[in-house]
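> My questions are about this predicted structure, shown below with the sequence.
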Amino acid sequence: MFDPYYRQPMTQPEGSGRRPVEVRGLVKRYGRVNAVDRVDLTVESGDVYGFLGPNGAGKTTTLRMLLGLIHRDDGSIRVFGRDPAADPVTALAGVAGFIEEPRLYPYLSGRANLELLAALDLGGAGRKEIDEILELVELGDRAGDKVGEYSQGMRQRLGLASCLIRRPRLLANGVDPAGIRFLRALLRRLAGEGMTILLSSHLLAEVQEVCNRVAVIDHGRIVHEGALADLETGGSYRLQATDIARAVDALEPLDAVAGLRRELDELTFTLGGDEDTVELTRALADTGVGIRALVREQTTLEDLFFRLTESDADLREAEAAIA
Amino acid sequence: MSSEAYRAGGLAATRTGSLRDSLAAVGGSYYWELRKLVAQKRSWIGLAAAAIVELVFLISIEISKVTPNDGPYADPMGQGLRHSGLALTPVVLKEIAYFGPAIIAALVAGDIVANEDGGGTLKTILVRSVRRGEILAAKALALFTYVIVALVVFAVTGIVAGTIAWGFHPLANISGTRISAALALALTFAAIAVYAVPTIAIASFGLFLSVVTRQSVAAVVGTIFYALALEGLAALPAIKGARPYILVTQLHAWHGPFQTPTNWTIIGHAIWISVLFAAPPLIVAWIVFRRRDVAS
């Protein structure tokens, strides 16, 4: 628990009952390029929300607008009901975060960095609180060393500490989770204690382990947004058959089969439910195709990511190369 | 270690938007801007340069055969060299007035925002609870403080070294009036205070370049070129009439305290001309800094 002695009086920010993040039709243009193109995002209280996309997809630009660092060209952003572009200090009162990797003063010690940022929080953490958080991120022993002497992992932990001293309700963290892998359990625990976390990353495996909801962005557009649980119930199948070409002919007309793709000597597709496998096996049997293997796979974020972000043209090109 | 050290209580500082809040924000930021300057080698190099220039002059005068009536020292205060240590600082100030402090001011002014932009720390501090304008105000105050400290270091080094070498004795001021050592000491600091005003105006231009260019080197070099260009402008015969209204001319207003009677006219003139030169770059820097995208 924080010692009240070390705090100045604080008040609950307005908009406490509102959604942590509500983005509608967000646009950012650089010349003729839409770096962010009509993005909609909704982060609910208590979410550990994964914001995914390849490098250059628009994640960082979106986060920068969210944190009031750059101006938007169109659309709206509400952070706990307030617009960070109109008054960033007020809108971001309950928010902490950093873009990409944390940038701290290399010529100051870790503790001095936190003291500096706490001072800029105006009534932020006191010395005792800072010491506790330094212990929490396992930097207590190195707190007096200059940040320039820290490893990358240590800097990332200090970056997280710089967010925690602000006691945020929303942590918008642009760092790749790989850098803070050791804090995975902590992030879950913080979320359990009421903090909403927005993780921006291109590392799917890490996000998959900590997030309950995800949005996938590519070329500035959101190509998927939803609960992780919904994605994991999807029925993705892999089929190896005696005659792949005839199997394609047999499966293409079936309504139950979606996303049919040929990958070397096997087919991948999704089914609405497990009962559809009966119809599938009958169709293959009717055309004389033997089934070597029919494997149900759980949809991973990686599958989802590549499925959503690879363009049709890329797929056709890949298939042509395989053929 | 446990997460109990941190509790997401949903509490965060809120601001009322009052002047008191803003002053507290600027004050806290100013303190940390000073701490940052203290922690950087560049700041110490500037202060060391301010001190060394006095020592270099002292040594060169001691080992050379130049007499107090020769060349650059041929003025009433120059004649005090070797007779009173208090003559050293005004004489050296006269010699380096146009470029020395401008270089030191440029070194810090050009870097104070651009360095944070390039290093990415600007976006770290801009997402806290201090407004952009307040951060820039704190940086400007820290910069001006540094300029004053550098000039004080310059003066104190000259006074101490000069006194050790030549003693703490009365001397003639610029008007040729003999003044006591104690008065000369006080007037030295008064002269430094007057000299600080146009130097701060040069530093203001450096701050402006630091905000606009986002490049430390460009801002530092640009500030030095700015001072040199103004000096070149002041030397043009075609605009001789405008010379009193050019910023670098005010770098000689420190003569005012050392004249009998004190020349308040050139001091007052230097102050308002310096304010005129400092205000536009500071205002533009403030507008740009508040509105610009920070994407580094």
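Received the coordinates, thanks. What you see is a predicted model; the values in this text were computed from it and never measured.
> so who does the spatially closest residue to B:G120 that is not a sequence neighbour touch?
Spatially, and ignoring its direct neighbours in sequence, B:G120 is nearest to A:R103 (3.2 Å; Cβ to Cβ, 6 or more residues apart in numbering or on different chains). No exception for glycine: its C-beta is placed from N, CA and C like everyone else's. A:R103 sits next to B:G119, B:G120, B:T121, B:K123, B:T124 when contact means Cβ atoms under 8 Å, 6 or more residues apart in numbering or on different chains.
> one more time with 10 Å
A:147, A:155, A:159, A:162, B:116, B:119-125, B:296 (Cβ atoms under 10 Å, 6 or more residues apart in numbering or on different chains).
> Redo these as JSON lines? Include distance to B:A182 and pLDDT.
Shown next, in JSON lines, are those (distance: Cβ to Cβ, whole Å; pLDDT from 0 to 100):
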{"residue": "A:V147", "distance to B:A182": "48", "pLDDT": "96"}
{"residue": "A:R155", "distance to B:A182": "54", "pLDDT": "90"}
{"residue": "A:G159", "distance to B:A182": "55", "pLDDT": "91"}
{"residue": "A:S162", "distance to B:A182": "51", "pLDDT": "93"}
{"residue": "B:E116", "distance to B:A182": "44", "pLDDT": "93"}
{"residue": "B:G119", "distance to B:A182": "47", "pLDDT": "90"}
{"residue": "B:G120", "distance to B:A182": "51", "pLDDT": "91"}
{"residue": "B:T121", "distance to B:A182": "46", "pLDDT": "94"}
{"residue": "B:L122", "distance to B:A182": "47", "pLDDT": "94"}
{"residue": "B:K123", "distance to B:A182": "52", "pLDDT": "92"}
{"residue": "B:T124", "distance to B:A182": "49", "pLDDT": "93"}
{"residue": "B:I125", "distance to B:A182": "46", "pLDDT": "94"}
{"residue": "B:S296", "distance to B:A182": "52", "pLDDT": "69"}
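> Buried ones only from those, please, as a ChimeraX command.
Those of the contacts of A:R103 that count as buried under 16 or more other Cβ atoms under 10 Å in any protein chain shown are selected in ChimeraX with:
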select /A:147,155,159,162 /B:116,119,120,121,122,123,124,125
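> Kindly reformat the contacts of A:R103 as a markdown table containing distance to A:T281 and secondary structure.
Shown next, in a markdown table, are those (distance: Cβ to Cβ, whole Å; DSSP: H, G, I helix; E, B strand; the rest coil):
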| residue | distance to A:T281 | secondary structure |
| --- | --- | --- |
| A:V147 | 62 | helix |
| A:R155 | 55 | helix |
| A:G159 | 53 | helix |
| A:S162 | 57 | helix |
| B:E116 | 65 | helix |
| B:G119 | 62 | helix |
| B:G120 | 57 | coil |
| B:T121 | 62 | helix |
| B:L122 | 62 | helix |
| B:K123 | 57 | helix |
| B:T124 | 59 | helix |
| B:I125 | 63 | helix |
| B:S296 | 58 | coil |
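> Serialize the contacts of A:R103 to JSON lines and add fields for distance to B:W272.
Converted to JSON lines, these look like this (distance: Cβ to Cβ, whole Å):
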{"residue": "A:V147", "distance to B:W272": "44"}
{"residue": "A:R155", "distance to B:W272": "48"}
{"residue": "A:G159", "distance to B:W272": "47"}
{"residue": "A:S162", "distance to B:W272": "44"}
{"residue": "B:E116", "distance to B:W272": "32"}
{"residue": "B:G119", "distance to B:W272": "37"}
{"residue": "B:G120", "distance to B:W272": "40"}
{"residue": "B:T121", "distance to B:W272": "36"}
{"residue": "B:L122", "distance to B:W272": "33"}
{"residue": "B:K123", "distance to B:W272": "38"}
{"residue": "B:T124", "distance to B:W272": "39"}
{"residue": "B:I125", "distance to B:W272": "34"}
{"residue": "B:S296", "distance to B:W272": "37"}
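> from the contacts of A:R103, which is closest to A:I291?
A:G159 (51.8 Å; Cβ to Cβ).
> Now the closest one: closest residue in space that isn't a chain neighbour?
A:P102 (2.4 Å).
> Can you report how many residues neighbour residue 218?
All of this is about chain A. 20 (other Cβ atoms under 10 Å in any protein chain shown).
> meant chain B actually
Around B:A218 there are 15 other residues, counting by other Cβ under 10 Å.
> now do B:A190
Around B:A190 there are 17 residues (other Cβ under 10 Å).
> Look at A:D37 and give its secondary structure.
strand (DSSP: H, G, I helix; E, B strand; the rest coil).
> check contacts around the nearest residue to it once chain neighbours are set aside.
Leaving aside its chain neighbours, A:D37 sits nearest to A:G220 (3.8 Å; criterion: Cβ to Cβ, 6+ apart). Listed by Cβ under 10 Å, 6+ apart, the contact partners of A:G220 are A:26-29, A:33-39, A:53, A:56-59, A:61-62.
> what does B:L251 give?
B:93-94, B:96-102, B:194-195, B:197-199, B:201-202, B:227, B:230-231, B:234, B:270, B:274.
> Please enumerate the strands of the stretch 51-200 of chain A.
Taking DSSP state E, counting those that start in this stretch as the criterion, the stretch 51-200 of chain A carries its strands at A:74-79, A:95-98, A:170-173, A:196-201.
> just the stretch 151-296 of chain B next, same as before
B:171-172, B:178-179.
> What is the neighbour count of residue 158?
This is for chain A. A:L158 is flanked by 23 other residues according to other Cβ under 10 Å.
> Actually, chain B is the one I wanted.
Using other Cβ under 10 Å: B:G158 sits among 28 other residues.
> residues near the residue nearest to B:Q40 when sequence neighbours are not counted, how many?
Closest residue to B:Q40 apart from its sequence neighbours, by Cβ to Cβ, 6+ apart: A:Y107 at 5.7 Å. Using other Cβ under 10 Å, the number of residues around A:Y107 comes to 15.
> so who does A:Y107 touch?
A:Y107 neighbours (Cβ under 10 Å, 6+ apart): A:N113, A:K146, A:V147, A:G148, B:K36, B:V38, B:A39, B:Q40, B:K41, B:R42.
> before we move on, back to that, list phi and psi for the residue nearest to A:G159.
phi -70, psi 140 (degrees, to the nearest 10).
> Tell me how far stretch B:239-256 lies from the chain's centre.
Using Cα atoms, centre = their mean, to the nearest Å, the distance from the centre of stretch B:239-256 to the centre of the chain it belongs to is 17 Å.
> Equivalent analysis for stretch B:167-186, please.
Offset of stretch B:167-186 from its chain centre (Cα atoms, centre = their mean): 25 Å.
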